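Colleague: Here is my input, please return the structure:
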Amino acid sequence: MRASDRAYRRLLDEIQSGALAPGAVLGEVEQAARLGVSRTPLREALGRLAADGLVVQQSPRVTVVSEIDADDIRELFEVRRALEETAARLAAQRGDAAAFAALADGFERLRLDDVESTPTHDDLFSRFDAELDASASNDYLTSALRTIRTHLVRVRRLARESPGRLSAAVAEHRAIARAIADGDAERAAHATHLHLYNALESILDSIEGTRPVSVASGMSARPPRSQPTNSREGAA
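Modeller: Residues are numbered from 1 along each chain as shown. Okay, here's the model as predicted:
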């Protein structure tokens with residue numbers, strides 16, 4: 001692995017995990033010594049992180065981890081909504097119905113109170129994302145989703161864990177997977193819309209303790225009038 005790749009992966013992991021908090025100063029000399037690389041590969045790594053939006057340059061030799069606040073999170077979810085609702089529609093049209101039916105069954109069987117449960121919810125979420133990307137069959141879309149997910153890891157670290165939210169997220173993913181398996185594109189998009197609304201609400205409640213979303217933000221809990229609302233699964 002190239003030195004720049006190694007430095008990038010190490011810094012990315014530390015930013016996403018919170019080891020490098022928002023506002024942390026990444027001095028060029030100090031970071032090069034800490035990571036065991038020369039300054040040229042470090043600059044390449046920092047340039048990639050800047051392109052990801054995870055760091056900003058304050059001076060020629062000083063970079064800081066970018067701040068993230070409620071407005072940033074809302075904007076992130078606006079883009080996430082557009083991408084994931086589109087991906088869900090495409091998956092319902094192009095995807096492997098049996099694969100999504102199996103995912104829906106997996107979410108149905110998942111016991112969150114059993115630490116030995118296999119597969120875990122993380123396994124299922126990862127499998128769901130991978131199947132969604134493959135089914136959308138659109139390299140531009142999946143590339144954009146990868147960028148969004150890079151930021152989502154960081155956002156989730158900032159929010160307090162909520163067992164109740166995890167249980168709801170499992171049910172919401174089951175609803176999306178079932179709609180895709182049924183080939184119902186609009187139901188899949190609506191179930192995705194509700195999942196993202198609830199996820200955003202939970203994250204913002206956690207970090208700022210306020211009701212996070214208004215209709216004007218574009219993340220209304222109500223589905224567009226043209227979408228069907230009679231699905232049992234869609235309201236999960």
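Colleague: any idea how this structure splits into domains?
Modeller: Using automatic domain parsing, the domain parsing of the chain gives 3-65, 70-235.
Colleague: and those domains, which one's lowest on average pLDDT?
Modeller: Mean pLDDT per stretch puts domain 70-235 lowest among the domains of the chain, at a mean of 81.
Colleague: what separates that one from the chain centre, distance-wise?
Modeller: Relative to the chain's own centre, domain 70-235 is displaced by 9 Å; criterion: Cα atoms, centre = their mean, to the nearest Å.
Colleague: Can you lay out the domains of the chain as JSON lines showing mean neighbour count?
Modeller: For every residue, glycine as well, the C-beta is placed using N, CA and C. Listed next are the domains of the chain as JSON lines, based on neighbours: other Cβ atoms under 10 Å:
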{"stretch": "domain 3-65", "mean neighbour count": "16"}
{"stretch": "domain 70-235", "mean neighbour count": "17"}
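Colleague: Just to check, R174 is in contact with A102?
Modeller: No - assessed by Cβ atoms under 8 Å, R174 is found out of contact with A102, at 11.6 Å.
Colleague: Just list the residues touching V65, thanks.
Modeller: Going by Cβ atoms under 8 Å, 6 or more residues apart in numbering, V65 touches I15, L20, A21, P22, G23, A24, L26, L54, V55.
Colleague: So what does it have for phi and psi?
Modeller: phi -70, psi 130 (degrees, to the nearest 10).
Colleague: now it: how far from D123?
Modeller: 29 Å (Cβ to Cβ, to the nearest Å).
Colleague: Over to R146?
Modeller: 19 Å.
Colleague: How about E28?
Modeller: According to Cβ to Cβ, E28 and D123 sit 39 Å apart.
Colleague: Show residues contacting stretch 123-133.
Modeller: Defining contact as Cβ under 8 Å, 6+ apart, one finds that stretch 123-133 is touched by 84, 87-88, 91, 95-96, 99-100, 103, 106-107, 110, 119, 142, 145, 149, 169-170, 173, 176-177, 180.
Colleague: try stretch 142-150
Modeller: Looking at what lies outside stretch 142-150 - Cβ under 8 Å, 6+ apart - the contacts are 12, 16, 52, 54, 76, 79-80, 83-84, 87, 129, 133, 136.
Colleague: repeat that for 7 Å
Modeller: D52, L76, V79, R80, L83, A87, D133, A136 (Cβ atoms under 7 Å, 6 or more residues apart in numbering).
Colleague: Next SSE downstream of whichever strand or helix holds R178?
Modeller: Element membership of R178 [criterion: DSSP states H and E] is helix 163-181. Going down the chain from helix 163-181, the next helix or strand is helix 185-208, by DSSP H and E.
Colleague: And that next one, what does it pack against?
Modeller: The contact analysis (3 or more Cβ pairs under 7 Å, 6 or more residues apart in numbering; DSSP states H and E) places helix 185-208 against helix 70-94, helix 163-181.
Colleague: Can you check which of those gets nearest to I203?
Modeller: When these are compared by Cβ to Cβ, helix 70-94 sits nearest I203, at 6.2 Å.
Colleague: what's downstream of the closest one, the next helix or strand?
Modeller: Heading C-terminal from helix 70-94 (DSSP H and E), you reach helix 97-109.
Colleague: List every C-alpha atom in stretch 178-196, with coordinates, as PDB.
Modeller: In PDB, the C-alpha atoms belonging to stretch 178-196 read as follows (Å, rounded to 0.1, in the frame of the first residue of the first chain):
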ATOM      1  CA  ARG A 178     -40.000  -6.000   1.200                       C
ATOM      2  CA  ALA A 179     -41.200  -3.300  -1.200                       C
ATOM      3  CA  ILE A 180     -38.200  -3.800  -3.500                       C
ATOM      4  CA  ALA A 181     -38.800  -7.600  -3.400                       C
ATOM      5  CA  ASP A 182     -42.400  -6.900  -4.500                       C
ATOM      6  CA  GLY A 183     -41.200  -4.800  -7.300                       C
ATOM      7  CA  ASP A 184     -43.100  -1.800  -6.000                       C
ATOM      8  CA  ALA A 185     -40.900   1.200  -6.800                       C
ATOM      9  CA  GLU A 186     -43.100   3.900  -5.300                       C
ATOM     10  CA  ARG A 187     -43.700   2.000  -2.100                       C
ATOM     11  CA  ALA A 188     -39.900   1.400  -1.800                       C
ATOM     12  CA  ALA A 189     -39.200   5.100  -2.300                       C
ATOM     13  CA  HIS A 190     -41.800   6.000   0.300                       C
ATOM     14  CA  ALA A 191     -40.500   3.500   2.800                       C
ATOM     15  CA  THR A 192     -37.000   5.000   2.200                       C
ATOM     16  CA  HIS A 193     -38.400   8.500   2.700                       C
ATOM     17  CA  LEU A 194     -39.900   7.600   6.100                       C
ATOM     18  CA  HIS A 195     -36.700   5.800   7.200                       C
ATOM     19  CA  LEU A 196     -34.600   8.900   6.400                       C
END
